[in-house]
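> Please find the sequence and the predicted model below.
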There are 2 protein chains.
Amino acid sequence: MRMSQADKEKSHARIVASASQLLRERGLDGASVDEVMKAAGMTHGGFYKHFDSKEALIEAAIGAAFAGFAEPLERGEPERAVAAYRALYLSDGHKNHPGIGCPVASLGPDIGRAPERLKSAFGAGVRRIVAALARVRKGSAQEREAAAFREASMLVGAMVIARASDPATARAVLDACKRQ
Amino acid sequence: MRMSQADKEKSHARIVASASQLLRERGLDGASVDEVMKAAGMTHGGFYKHFDSKEALIEAAIGAAFAGFAEPLERGEPERAVAAYRALYLSDGHKNHPGIGCPVASLGPDIGRAPERLKSAFGAGVRRIVAALARVRKGSAQEREAAAFREASMLVGAMVIARASDPATARAVLDACKRQ
DNA sequence: CTAATAGGATGATGACTATCCTCTAATCTG
DNA sequence: CAGATTAGAGGATAGTCATCATCCTATTAG
């Protein structure tokens, strides 16, 4: 049963959105085409009408994840946005909902094993977040960027450690990082 | 062709060692039983004489990875050991050889999706590293532990970001973190 | 309004992989 | 040293998954 062009675009967006969430929840190879399509309300049949390959979907999904996760950091007044971002990043909610959280914390190592093209896209996403964090720092441009890189590293590492550990250790890392 | 008990133990150790490396290189689901056994110099046939399941192998491999990676940090004079650890952690060599590197940076998110038992083991490994890092800090026990948690987070996050990014971004994160 | 087109459903194919079974030759037990 | 035991090889089985081929039907160009 054929659908209109507008409907196809909606389908496309739903596929990307469900992939973006499922990949962050289960890892780069954790969601089958069939599962992604089911989560988008379809069967696997039409998938290749939307993407040339699963890899192409993954690329689109990562882009969507970065767009969704970096955007609130860039919007509004910098001091406030960054403060909110820090609190959100180190929250239990973020720890428990990787599907809508930071793609670096959920997919970083997987991307490390992926082709260079994906790494470039990922690096661009990281730089975007770092640039936003650097706005609220003092000092030279270099110093501000370096401080932002260190903060981003700490945030990512804390979330990775928290998710990979028992609850007590998780709380200890997150609390320690909040205190700074 | 049966081998002696001593030889079996050697085989066992080789299986664990090759799994420990392959898992860190390719992710928790990235190495098949066949590949692990081949890397250990055997065929897949004898695997279940050594482990009840692939999951049991993974558990042993993670334990071995932590043991190998945390041990040098605990040995010798603390100040010196910690300084060497920091330099090694943020080095290009560590970035380019995840198979013999920090298991948190290579497997963290995968463990986050694993059963609670694995997370407890992982959390214990993290605490072991944090305790060693805390020895060279000033202040109360709590303050020292918190500072160590922050440092461990930064190290892990920096390596995750560096591996997942283009070379320029990778250098930028690692350099920024070295500067602290 | 008709014919060509293309979403999306179903089903098939081929590759890969965890686990199990069988067999052989060597070790261990007594 | 004979018989029971077992490490590891080779092969088989069942399940999963990406991708392809076909079909149906609604859209849409003309």
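Yes, it's here. None of the values given here were measured: they were computed from a predicted structure. Residues are numbered from 1 along each chain as shown, chains lettered A, B, ... in the order given.
> Could you use CA atoms for every contact and neighbour count after this?
Will do.
> Show the contacting residues for the nearest residue to residue A:34 once chain neighbours are set aside.
Counting by CA to CA, 6 or more residues apart in numbering or on different chains, residue A:44 is the residue found nearest to residue A:34 once chain neighbours are left out, at 4.8 Å. Residues in contact with residue A:44 (CA atoms under 8 Å, 6 or more residues apart in numbering or on different chains) are A:33, A:34, A:37, A:38.
> which residue is nearest the middle of chain A?
By CA atoms, centre = their mean, the mean C-alpha position of chain A lies nearest to residue A:103, the distance being 2.3 Å.
> So it is in contact with residue A:62, correct?
Yes - taking contacts as CA atoms under 8 Å, residue A:103 lies within contact range of residue A:62: 7.4 Å.
> After the host helix or strand of residue A:121, which helix or strand is next?
Per DSSP states H and E: residue A:121 is located in helix A:116-134. Using DSSP H and E, the next helix or strand after helix A:116-134 towards the C-terminus is helix A:141-164.
> Now do the buried residues in that following helix.
For helix A:141-164, a neighbour-count test (16 or more other CA atoms under 10 Å in any protein chain shown) marks A:144-164 as buried.
> can you check stretch A:42-50 too?
A:42, A:47, A:50.
> And the last one, how close does it get to residue A:17?
What it means is residue A:50. 13 Å (CA to CA, to the nearest Å).
> Same check on the first one?
Using CA to CA, one obtains 13 Å as the distance from residue A:42 to residue A:17.
> and what of the second one?
According to CA to CA, residue A:47 and residue A:17 sit 14 Å apart.
> Chain B: which of the buried residues of stretch A:42-50 is nearest?
residue A:47 (24.7 Å; CA to the nearest CA).
> Mind pulling up the pLDDT for the closest one?
If you check residue A:47, the pLDDT there is 97.
> In contact with it, which residues?
Counting by CA under 8 Å, 6+ apart, residue A:47 has contacts A:33, A:37.
> go with 10 Å
By CA atoms under 10 Å, 6 or more residues apart in numbering or on different chains, residue A:47 lies in contact with A:11, A:12, A:15, A:33, A:34, A:36, A:37, A:53, A:54, A:57.
> how many neighbours does the third one have?
This means residue A:15. Using other CA atoms under 10 Å in any protein chain shown, residue A:15 has 25 other residues around it.
> any idea how far it lies from chain B?
Per CA to the nearest CA, to the nearest Å, residue A:15 is found 23 Å from chain B.
> How about that residue: what's its closest non-neighbour residue?
Computed as CA to CA, 6+ apart, the closest residue to residue A:15 that is not its neighbour in sequence is residue A:40, at 5.3 Å.
> can I assume the one you found is in contact with residue A:46?
No - contact criterion CA atoms under 10 Å: residue A:40 and residue A:46 do not qualify, at 11.5 Å.
> Show me where chain A has its helices.
Remark: helices assigned in chain A by DSSP state H are A:5-26, A:33-39, A:54-74, A:78-89, A:92-96, A:103-112, A:116-134, A:141-164, A:167-178.
> and of the ones you listed, who's closest to DNA strand C?
helix A:5-26 (4.4 Å; CA to the nearest atom of the strand).
> on that earlier part again, near DNA strand D, which of the contacts of residue A:44 show up?
A:33, A:34 (CA under 7 Å from any atom of the strand).
> what's the closest of the contacts of residue A:44 to chain B?
residue A:33 (17.5 Å).
> For the helix holding residue A:121, list every residue counted as buried.
For helix A:116-134, by 16+ other CA under 10 Å, it's A:118-134.
> same for that helix, what does it pack against?
Under the contact definition 3 or more CA pairs under 10 Å, 6 or more residues apart in numbering or on different chains; DSSP states H and E, helix A:116-134 sits against helix A:54-74, helix A:78-89, helix A:103-112, helix A:141-164, helix B:141-164, helix B:167-178.
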